[in-house]
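Asks: Return a 3D structure for these sequence lines:
(one chain, ligands or ions: 1)
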Amino acid sequence: MKRLLITIDGPAGAGKTTVSRELADRLGYKYIDTGALYRGVAFEARYAMVGQDDDIGLENLCNTLNLNFVKDERGLRLLSNNSDITDQIRTPEISMMASAVSARPVVRKYLLGLQRNLGREKGVVFEGRDMGTVVFPDADKKFYLDASPRVRAIRRYRELESKTSQTVEEVEREIRLRDENDRKRETAPMKPADDALILDSTDFSVNEVVEMMLSYISN
Ligand code: DC
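Replies: Okay, here's the model as predicted:
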């Protein structure tokens, strides 16, 4: 069967990561988490003390970055200049910073090239916010996965539980703030592509969502 390029966009906590990973496994495809790349830029900007709205500083930083993915027994890992930063980019602080730097056109331009390069080989599931709209407008199958903000906050809270002192209400507040940043930015705002299948995962299990996707892909 023809190997496809599949995109899954949507807001934080909608289940994109779990669903994308599972869908890629079921199809024997690779899976790319593009949010990790924005988190990688945010992490390196923080380390280099470059401000979230310092476009020149961000551009210089991007020009020296070397971000890439490797897969090991723990799953997809993000390397920055060959050091594994996967576990350090999943904090609430880096989430908010990633959302802020992702609104800067210089950062989006840098990551656009990197993401398109990763998509040259077919048989991939790309997860993000603008995969179906901007990065891969010609993708073979596009999905937009959503869920209610409360359910998304509960899911994110469970993921973070051991790593954060935040309450579920605080997580929900941050998620709503990040949604607003990601939807309202001028460059590549988060929205469903016109030709995306929109799925709401609020009342469905991962397996049910993946089954719906597989049936849509095979039609
Ligand atoms: O998916 P995530 O929560 O790891 O993404 C972190 C931030 O990165 C998110 O708030 C917005 C940004 N992002 C983006 O703008 N475009 C993408 N394709 C992926 C993520």
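Asks: and residue 9, how far is that from the ligand?
Replies: 7 Å (CB to the nearest ligand atom, to the nearest Å). All C-beta atoms are positioned from the backbone trio N, CA, C, and that covers glycine.
Asks: That residue - how many residues pack around it?
Replies: Neighbours of residue 9 under the rule other CB atoms under 10 Å: 28.
Asks: who's in contact with the lowest-mean-pLDDT helix or strand in the chain?
Replies: Sorting the helices and strands of the chain by mean pLDDT, DSSP states H and E puts helix 149-160 at the bottom, at a mean of 89. With CB atoms under 8 Å, 6 or more residues apart in numbering as the test, helix 149-160 has contacts from 11-15, 90, 92, 147, 166-169, 171-172, 175-176, 179, 201-202.
Asks: among these, which are within reach of the ligand?
Replies: When contact is defined as CB under 6 Å from any ligand atom, the contacts of helix 149-160 meet the ligand at residue 12.
Asks: just to revisit the earlier point, next SSE downstream of the least confident helix or strand of the chain?
Replies: helix 168-184 (DSSP states H and E).
Asks: Name the residues of this protein found near the ligand, please.
Replies: Checking the chain against the ligand by CB under 6 Å from any ligand atom, the hits are 12, 34-35, 38-39, 95, 98-99, 102, 128-131, 178, 182.
Asks: now for those residues, which pair is the farthest apart?
Replies: Spatially, the most separated pair among these is 95 and 131, at 18.7 Å (CB to CB).
Asks: What ranges does this protein have for its strands?
Replies: Applying DSSP state E to the chain gives strands spanning 5-9, 30-33, 67-72, 75-80, 83-84, 124-128, 141-146, 197-200.
Asks: helices or strands up against the fourth one?
Replies: Secondary structure elements in contact with strand 75-80, counted by 3 or more CB pairs under 8 Å, 6 or more residues apart in numbering; DSSP states H and E, are strand 30-33, helix 34-47, strand 67-72.
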